[in-house]
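Chemist: Need a 3D model of the following:
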Amino acid sequence: MKKITSISTLCIALTVGIISYVFWNSREAHVTTKDNENRSQLTETVSIGDPNHTVTTHEHESKPLFKTVLAGNNVSTNFNVDEDYKHVKIFIENSGKKTIKAVMVHNRSRDEYFVEKVAPGETIEWTSFTEFPQGIEEGMYSITYRADGDNFSGKAWGISAKNTNEL
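Modeler: Coordinates of the predicted model:
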């Protein structure tokens with residue numbers, strides 16, 4: 001009986017030692033959380049491995065702008081770009097048989113930010129930073145989807161971020 005207890009104690013000690021070694025010598029951990037505004041946050045924690053266990057943390061945030069089902073012959077999407085989230089990525093997927101024309105306009109200035117044609121079966125991705133490296137103007141925007149009066153189908157969605165690498 002004494003031999004079994006000694007072996008059990010040895011196994012527990014080895015297990016604790018291995019777990020402690022892995023814990024203190026880990027190099028990287030990733031955690032994804034959501035905050036109250038439904039922003040997706042990715043926090044990267046990188047352990048440098050020094051005796052003080054110095055940790056560097058970076059937060060990456062993206063914020064959903066809209067999700068729209070494209071059905072009919074004239075659909076509009078309205079969304080707001082916040083001051084801190086001026087980098088935008090828009091996806092438009094055409095699951096129908098007609099080409100969809102999408103036009104994005106800033107509501108106050110009436111400036112057109114893009115005019116895109118999406119062929120049947122195709123998906124386009126528009127990123128603001130290719131034309132607007134500092135981000136787009138804050139405020140309300142509209143995207144209008146049409147197919148020369150014909151019915152179309154698909155979906156569209158968009159996200160915004162503080163930095164381009166967060167899209």
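Chemist: where does the chain dip in pLDDT?
Modeler: The model of the chain has pLDDT under 70 over residues 1-60.
Chemist: Helices of that one, residue ranges please.
Modeler: Remark: helices assigned in the chain by DSSP state H are 2-24.
Chemist: can you map out the strands along it?
Modeler: 28-34, 40-47, 55-72, 74-81, 87-94, 100-106, 112-118, 123-127, 139-146, 152-161 (DSSP state E).
Chemist: right, so of those strands, which gets closest to Pro133?
Modeler: Pro133 sits nearest to strand 87-94 of all the strands of the chain, at 9.2 Å, using CB to CB. Every C-beta, even on glycine, is put in place using the N, C-alpha and C of the backbone.
Chemist: Show me the contact partners of the closest one.
Modeler: Strand 87-94 is contacted by residues 65, 70, 81, 100, 102, 104, 114, 116, 118-129, 135-136, 143, 145, 152-164, 166-167 when judged by CB atoms under 8 Å, 6 or more residues apart in numbering.
Chemist: Contacts only, for the residue nearest to Val81 when sequence neighbours are not counted.
Modeler: Nearest non-adjacent residue to Val81, counting by CB to CB, 6 or more residues apart in numbering: Glu138, 5.3 Å away. Residues counted as contacts of Glu138 (CB under 8 Å, 6+ apart) are 81-83, 86.
Chemist: same check, this time on Trp157
Modeler: Contacts of Trp157 (CB under 8 Å, 6+ apart): 64-68, 90-91.
Chemist: give me the beta-bridge partners of it?
Modeler: Trp157 has these beta-bridge partners by DSSP bridges: Lys67, Phe91.
Chemist: how close does it get to Asp111?
Modeler: 22 Å (CB to CB, to the nearest Å).
Chemist: Now do stretch 137-157: distance from first to last residue.
Modeler: The first and last residues of stretch 137-157 sit 19 Å apart, counting by CA to CA, to the nearest Å.
Chemist: All set, thanks.
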